[in-house]
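**Q** Quick check, what structure comes out for this input:
(chains A and B)
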Amino acid sequence: MAYEPQYYPGSTSVGVNRRKHMSGDLEKLRDISDADIVTIMGHRAPGADYPSTHPPLAEMGEPDCPIRQIVEPTPGAAAGDRIRYSQFADSMYNAPSIPYWRSYWAAINCRGCDPGTLSGRQIVEAREREIEEYTKVQMDTEMYCPALSSMRGCTVHGHSLRLDEDGIMFDMLARCEVGGDGNVSYSKDQVGIPLDQKINVGKAMSEDEAAKRTTIFRYDNVAFGGTADKRDFDEGLVALHHMWERRSKWGFRPE
Amino acid sequence: MGKIHTKKLFVKALNKKFGKDFDLAGKSADYAPFKEQGVLQNARKREFIEWSKKLEGKRGISMYNPYLHAGGIPMGQRQIVPYKLSTTEYIVEGDDLHFVNNPAMQQMWDDIRRTVIVGLDMAHEVLEKRLGKEVTPETINNYLEILNHAMPGAAVVQEHMVETHPGLVDDCNVRMFTGDDDLADEIDSQYLININELFPEEQAEEIKAAMGKTSWQAIHIPTIVSRTCDGGTTSRWSAMQLSMTFIDAYNMCAGEAAVADLAFAAKHAAVIQMGDMLPARRARGPNEPGGISFGFLADMVQTSRTKPYDPPQVSLNVVAAGTMLYDQIWLGSYMSGGVGFTQYATAAYTNDVLDDFSYYGSDYGVDKYGGWGEAPATLETAKDLATETTLYAMEQYEAFPTLLEDHFGGSQRSGIMAAASGVSTGCLTGNSQAALSAWYLSHLIHKEGWGRMGFFGYDLQDQCGPTNVFSYQGDEGNPLEIRGPNYPNYAMNVGHQGEYAGISSAAHAGRGDAFTLNPLIKVCFANPALLFTWDDIRKGFGMGGAREFRAAGERSLVMPAV
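**A** Have a look, this model is predicted:
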């Protein structure tokens, strides 16, 4: 019988969505072109060759190594690509993804990547051709909302701030703007350098859709522990208590 | 479930920050008005710009220019809000809480660095047994008078010595304290830290019982000396003046071998440093912040004797002292640099947020378990209090978007929620290990609920931390009171160390103890001549921010006017 990972407990929409993110079973909502993704990332011009930091592995005469024989290099590693990044900020007002779940998604589903998790941003680093591929997955699927998520390499401040009046997450560098047709466009790349042309990434999720797709618990949507007036622990919290207790009792007593 | 606290203490502060008619619960904002003003909306930033312009001509090189920020987009794209010092009426700008701009914060640290406690009994034994001198209350008073002449940097015994200007070193003083009431009665009041007068009766008895009939000197060398040198200087400066004073007061031969015994006692055998030396990779001498244990810092703060009826308040003042010292000065400057650490630390002592969360958890616990120190010190209690406190706190951040905006970083929120959980559990169980266990659980609840916590390094220690609670062997835990900033997992993380000190004190405040770890330190910092407001840390920071605090270590007396 094939092993099926059991990623996360709970039958709430948040529990289900968390499992979807971790398993990579993501609904595709939009199709942003490769060139547009590369432009927003800002590491190379679309269509340009991938710069390299070392010769292709096949030409390097690598040492005889059992690990190298077991692990097939990713195409980017084989070609000697630079390691580059994309980083996202996600609003606490029901953005579809959240930092730890971006990291879990990346660590489970993306080969050769290095996820980094903070409170207001989450970065994934990988060889350039792979990070472009991984970034496209994140932007094309339900991990991304053009208003509540944002690719930000620096000056990321915004995840915990009130939304702008147009529903966009605050951004000191104003990388995104909402057009008259409701579509959100990037006018700057992820580190705030102005683009020659705006890049349309589609319409923001409605409040209802964001509430349905989000992976964050909130007392006014899917509560993690009920409210102060009425406690009701989510299965995720019960599982967490279990883990914390075991870690406390047997941290130094592995028997 | 018992009575639920609904005071929401932070609302008053948020009203003062954002304006009293502001919709604190609104989820969207019109930031546009602030885009036009940028940094100019803020009086302190305008002051900085004005000063920089004034100084540039003099300096001949460019200086402060907020328009260099982020490619020309200055700070202030949204409202730059002030900070209310918790439980006080002081409202200051964020800039006023950087220690460089806040003389009270500097003095708090100076008061620690310039302090050592030196035992008198060993020296008296040398004088009596080896030299056959008579030691009486009269000779001790005479000795203390000479010492308060010599310790600031004045000469005794030798002729034609250079001396320090009294106007530059007037903060220096030495008082003694003793567990022997009969001896205390004979000591001139100007030289005595009177335990019976300064501490509530029960606390005084507890302290005297702990220290026995021993006698000690609370030595505070001049601030200007420790600022020019370092913490390691304090015991050396003090030992030299102590030795000279003994020679003078007891008519000793200046070169006799017994002097070496007195010096050895003052420098090593009978001295208590405020902080231990650190290993080479963080190399600092004694009396530097990284070596100050959480229990020692908890004992320096004096709220325990002025407000013993309010254990959370005691703990919150220790948190304030700790976050300023450990985050802003130790990690933020000794170990790193810049200004970001201040932003983390302020969350713990401003806007009554940590106060609200801590009192909520405490009210819940008192109602459920009966009173301070009465809850069983178990994982079950820690789970109950940490879960309730953290879920309440998360709900407040969600219900008040301006509160979430105020603590805009996850490590601020994580530290605050976990501190509230630890403080509540400490006050209720009287056990710092149960409190620490609650601290760790709170972080995990936060991370699990919101899918975010602090930052890479911040999260590490809290995710593995539950493994080192309720464990007392040195390499498996240690009581929290004797852990410190150099404890392996704690050594590089902002937003933790001050809270650990507060949690240490919570356990003992909950038990009604007179001190957390060391009764001598508790008495030493009760010295009324100390400049910083050791009984009300937040008030002191507010005074410093409001430019109402005059610190020691000033050099203007011997310099041309600005």
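
**Q** mind showing which ranges of the chain have poor pLDDT?
**A** Using chain A. In the predicted model of chain A, residues A:251-255 satisfy pLDDT under 70.

**Q** try chain B instead
**A** B:1-6, B:474-476.

**Q** Report how many residues lie close to B:His443.
**A** 27 (other CB atoms under 10 Å in any protein chain shown). Yep, even glycine has a C-beta here, placed from its N, CA and C like the rest.

**Q** hang on, it packs against B:Ala418?
**A** Yes. B:His443 lies in contact with B:Ala418 (CB atoms under 8 Å); the separation is 5.1 Å.

**Q** can you give me the helices for the stretch 101-250 of chain A?
**A** Using DSSP state H, counting those that start in this stretch, the helices of the stretch 101-250 of chain A run over A:128-140, A:207-213, A:235-250.

**Q** overlap in contacts of B:His443 and B:Ala418?
**A** Common neighbours of B:His443 and B:Ala418 (criterion: CB atoms under 8 Å, 6 or more residues apart in numbering or on different chains): B:Asp462.

**Q** and the helix or strand hosting B:Ala509, does that touch chain A?
**A** Per DSSP states H and E, B:Ala509 falls inside helix B:497-511. No. In terms of CB under 8 Å from any CB of the partner chain, no part of helix B:497-511 sits within range of chain A; the closest distance is 15.8 Å.

**Q** Check which helices and strands that helix sits against.
**A** In this structure, helix B:497-511 packs against helix B:294-300, helix B:303-306, helix B:311-322, helix B:410-429, helix B:432-450, with contacts taken as 3 or more CB pairs under 8 Å, 6 or more residues apart in numbering or on different chains; DSSP states H and E.

**Q** between the fourth one and helix B:311-322, how many degrees?
**A** The directions of helix B:410-429 and helix B:311-322 differ by 140 degrees, with axes from the mean of the first three to the mean of the last three CA atoms, to 10 degrees as the criterion.

**Q** Helix B:410-429 packs against which elements?
**A** Helices and strands touching helix B:410-429, by 3+ CB pairs under 8 Å, 6+ apart, are helix B:311-322, helix B:340-346, helix B:353-369, helix B:379-399, helix B:432-450, helix B:456-464, helix B:497-511.

**Q** Any chance of JSON lines for these, columns distance to B:Lys84?
**A** JSON lines is the format used below for the helices and strands packed on helix B:410-429 (distance: least, CB to CB, whole Å):
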{"stretch": "helix B:311-322", "distance to B:Lys84": "13"}
{"stretch": "helix B:340-346", "distance to B:Lys84": "11"}
{"stretch": "helix B:353-369", "distance to B:Lys84": "10"}
{"stretch": "helix B:379-399", "distance to B:Lys84": "16"}
{"stretch": "helix B:432-450", "distance to B:Lys84": "24"}
{"stretch": "helix B:456-464", "distance to B:Lys84": "26"}
{"stretch": "helix B:497-511", "distance to B:Lys84": "19"}
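
**Q** just how off-centre is stretch B:482-495 within its chain?
**A** Using CA atoms, centre = their mean, to the nearest Å, the mean C-alpha position of stretch B:482-495 is found 15 Å from that of the whole chain.

**Q** Right, I'll call it a day here.
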